[in-house]
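**Student:** got a sequence here, can you build the structure:
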Amino acid sequence: MDLSQLLQNAIDKQASDLHIIPGYFPSLRINGELYQLKTYSLVTPENSQAMIMSILNDQEKENLLANKEIDIGYEFNNNRFRVNIYFGKNNICASFRLIPIKIKTLEELLLPAELSKCSQFNQGLVLITGPAGEGKTTTLASIINDININYAKHIVTIEDPIEYVYSPAKSIVSQRQLHRDTHSWNIALRSALREDPDVILVGEMRDYETIGLALTAAETGHLVFSTLHTISTPDAVNRIIDVFPPNQQNQIRAQLSSVLKLVVTQKLLPRLDVVGRVPAVEILINTPAVSSLIREGKHHMMDNVLVTAEEEGFMFFEKYLLKLYTEGKISKQTAFAYAIRPKELEKFIR
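**Tutor:** Next up, the predicted model:
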């Protein structure tokens with residue numbers, strides 16, 4: 001079994017992921033569905049180890065054996081893969097996420113024009129949220145590339161690992177990879193503040209120290225982008241505040257209410273009209289009304305704002321599902337399967 005052949009197969013079939021797990025056939029995820037490639041033989045522990053270890057350098061092999069998992073970026077035939085290598089039943093397994101060569105525009109990604117405002121902000125915090133594998137990184141890359149192409153800025157990215165690579169344009173871009181270019185998120189973020197950045201991309205805000213540094217960066221005149229794994233835009237606000245000890249939460253509410261610009265929640269839904277997936281989004285904008293709710297801890301009232309302030313650019317997830325349904329892009333069954341608030345959706349789709 002040849003890794004190059006499997007990777008090329010993933011590219012040719014436009015798969016999002018390739019899985020190599022001993023005891024199973026190699027598997028591809030295409031448009032959200034998982035397919036085992038039964039034209040190949042079952043992956044053996046020996047196959048898996050030989051293929052996967054061949055793409056690691058000595059330091060990466062050492063890290064894998066010490067930590068039992070590792071994330072790396074891997075280039076193959078002018079394509080990039082984000083690779084997570086891990087142990088399962090004492091065997092080496094891997095998931096390869098295909099990163100498209102071309103960074104698509106928001107329009108090409110079928111995302112609402114409202115998101116183009118993100119590249120025009122001069123400072124503050126923008127969050128792209130949603131479950132894993134729902135296109136958050138791709139959306140962020142599109143926004144960052146728009147800044148790169150249209151504005152003269154210094155963009156610093158901190159990623160684990162580097163996924164999309166930005167071509168030289170009007171901006172200058174410093175891309176830093178965890179464990180290769182820096183030892184930790186926090187060290188890299190502190191360092192970024194001394195690197196004359198205009199824009200900082202933090203791949204993921206994983207703990208209160210990273211979140212605290214990101215808020216400080218946004219507060220001190222930088223435009224900060226990051227991601228969170230939350231299911232709705234109000235949940236993202238809750239997650240940030242709840243990460244901190246109770247005695248710090250009032251301070252964080254005040255800080256977040258001041259620096260937050262916009263929160264987007266995104267999911268990819270199977271299309272009804274053509275083969276593929278279409279994004280569904282929720283957009284929360286930090287207007288004075290939202291800022292007041294954040295500061296006062298009244299996060300439960302944000303759903304009301306999302307429903308009633310559409311003319312200000314807000315988008316309620318269930319209303320976006322209604323839009324996709326009425327346009328014939330998704331089925332009624334898909335709309336209800338992916339709804340964040342099914343009871344609210346019942347008011348729009350009967």
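**Student:** residue contacts, the residue nearest to the spatial centre of the chain?
**Tutor:** What sits nearest the mean C-alpha location of the chain, by CA atoms, centre = their mean, is Lys136, with 2.8 Å. Applying CB atoms under 8 Å, 6 or more residues apart in numbering to Lys136 gives the contacts 128-130, 227, 266. No exception for glycine: its C-beta is placed from N, CA and C like everyone else's.
**Student:** same thing but 6 Å
**Tutor:** Contact partners of Lys136, counting by CB atoms under 6 Å, 6 or more residues apart in numbering, are 128, 130, 227.
**Student:** what's the last one sitting at in phi/psi?
**Tutor:** Summarising the backbone geometry of Thr227 under the convention degrees, to the nearest 10, its torsions are phi -130, psi 160.
**Student:** try the second one
**Tutor:** Phi and psi for Gly130, reported as degrees, to the nearest 10, are phi 150, psi 170.
**Student:** same check on the first one?
**Tutor:** Main-chain dihedrals, Ile128, degrees, to the nearest 10: phi -110, psi 120.
**Student:** how far away is Thr137 from Arg82?
**Tutor:** 8 Å (CB to CB, to the nearest Å).
**Student:** please read the previous query as pertaining to Pro197.
**Tutor:** Separation of Pro197 from Arg82 (CB to CB) stands at 23 Å.
**Student:** tell me the spacing between the residue nearest to the centre of the chain and Leu111.
**Tutor:** Taken as CB to CB, the span from Lys136 to Leu111 is 12 Å.
**Student:** equivalent analysis for Glu62, please.
**Tutor:** From Glu62 to Leu111 the distance is 41 Å (CB to CB).
**Student:** what's the closest non-adjacent residue to Asn78?
**Tutor:** Nearest residue to Asn78 in three dimensions, chain neighbours excluded: Ile101, at 6.2 Å (CB to CB, 6 or more residues apart in numbering).
**Student:** list the contacts for Leu98?
**Tutor:** Counted by CB under 6 Å, 6+ apart, Leu98 has contacts 10, 81.
**Student:** tell me which strands the helix or strand encompassing it pairs with, and in which orientation.
**Tutor:** Element membership for Leu98 (DSSP states H and E) is strand 91-99. Using DSSP bridges, the strands paired with strand 91-99 are strand 17-20 (antiparallel), strand 79-88 (antiparallel).
**Student:** and it, how far out from the chain middle?
**Tutor:** 18 Å (CA atoms, centre = their mean, to the nearest Å).
**Student:** could I get that strand in CSV with only the CA atoms?
**Tutor:** Output in CSV follows, covering the C-alpha atoms of strand 91-99 (Å, rounded to 0.1, in the frame of the first residue of the first chain):
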residue,chain,number,x,y,z
ASN,A,91,-0.9,1.1,16.6
ILE,A,92,-0.1,4.3,14.6
CYS,A,93,-3.2,5.9,12.9
ALA,A,94,-3.6,9.1,11.0
SER,A,95,-6.1,11.6,9.8
PHE,A,96,-5.1,13.7,6.8
ARG,A,97,-7.2,16.9,6.2
LEU,A,98,-6.9,18.2,2.6
ILE,A,99,-6.3,22.0,2.5
